[in-house]
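> Provided below for reference: sequence and predicted model.
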Amino acid sequence: MTTAFSSPTLWVITGATAVGKTDYAIKVAQRHQTCIISADSRQFYKEMKIGTASPTLEELAAVPHYFVGNLSIHDYYNVSQFEEQVLLLLEKLFQKHDVGIMTGGSGLYIDAVCRGVDTMPDPDSEVRQRVMQLWEDEGVEALRAHLRLLDPEYCENADLANHKQMVRALEVCLQTGLPYSSFRTGSKKERPFSIVKQCLERPREELFNRINRRVDLMMEQGLLEEARRLYPHKHLNALNTVGYKELFDYFEGKLTLERAIEDIKTHTRRYAKRQMTWFKRNKAIKWMPLENIYPYVINIINNDAKN
């Protein structure tokens, strides 16, 4: 069964990690005979299947997916490239379908497609290496210290726990000699399609239990072996990710395996809370308890599709 849309519509399905986005998005995509665009920036990397809970082979076969396993951990990739590539894909998609589904929990990447990102200069390889070396040698506090000196305005509103955003900001500062904040206009770009945003939610205790069970399942599926294969590349930015960092510490004798697994669960729960904080800033999002969500789907699409 499909639904008639008055205009091409991008249906965004987001929510915290482990809330159930993949399963729900597949059901919606099947109902509307369309495809899924992943907005989970960790699932872009083909070498990181288990630790990022990438869709299974069965799930990938159920509905066409884009931006899953499309990159190597050795590739340089940023949110501006994602925006450009998704918009090109949607232009083709909307020639055949009324609706496209985008799902994931990377709020910055979702915003890039829905609102656009400001054009930023790309750093040269020397600057990129310098910043990454600072991060690897001295950690996140060193990034914060440099940014407080070079761009205090950015630091007032930035997520100073997000090292990836700070790395990007510092790269721009060092490359241009200008504050990163001077390139940020915050203006929304017009899109030639309507956008509907849903955020799936579960009770906190239920979500945290799902996170704990997911980590246990990842270990059963071979996360330890996957992390061991990737350990020689631990310096790469893609691998500075919950689920891998903790196991790398185990390999180096800093943690017991039991403690590493518990830390993965703890850090994933914290990540889920940060995700929800990000999504709550967006007033256009429809918050949907997962158990009640599907009966409202058609009404939301027909009545509330907005740019």
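Received, thanks. Numbering: from 1, shown residues only.

> how about the strands in this structure?
9-15, 36-38, 65-66, 99-103, 194-201, 286-289 (DSSP state E).

> so which of these comes closest to Thr22?
strand 99-103 (7.0 Å; CB to CB). (C-beta placed from N, C-alpha, C; glycine too.)

> Show me the contact partners of that closest one.
3, 5, 8-14, 21-22, 24-25, 28-29, 32, 34-40, 86, 90, 93-94, 110, 113, 301 (CB atoms under 8 Å, 6 or more residues apart in numbering).

> Next: stretch 132-141.
142-143, 146, 160-161, 163, 166-167, 170, 235, 237.

> Let me see the contact set for the most centrally placed residue in the chain.
The centre of the chain sits closest to Ser106, judged by CA atoms, centre = their mean, with a distance of 2.3 Å. Contacts for Ser106 (CB under 8 Å, 6+ apart) come out as 39-42.

> can you check Asp263 too?
246, 249, 255.

> Pull out the buried residues from these.
Buried subset of the contacts of Asp263 (neighbour count, 16 or more other CB atoms under 10 Å): 246, 249, 255.

> Please name the residues that touch the second one.
Going back to what we said before, that points to Asp249. Residues counted as contacts of Asp249 (CB under 8 Å, 6+ apart) are 255, 260, 263.

> run the last query once more with 10 Å
234, 255-256, 259-260, 263 (CB atoms under 10 Å, 6 or more residues apart in numbering).

> and if you look at the first one?
Applying CB under 10 Å, 6+ apart, one finds that Glu246 lies in contact with 215, 227, 254-255, 257, 259-268.

> Which ChimeraX command selects the buried ones in these?
Those of the contacts of Glu246 that count as buried under 16+ other CB under 10 Å are selected in ChimeraX with:
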select :215,227,255,260,261,263,264,265,266,267,268
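
> how near is Asp122 to Gly116?
17 Å (CB to CB, to the nearest Å).
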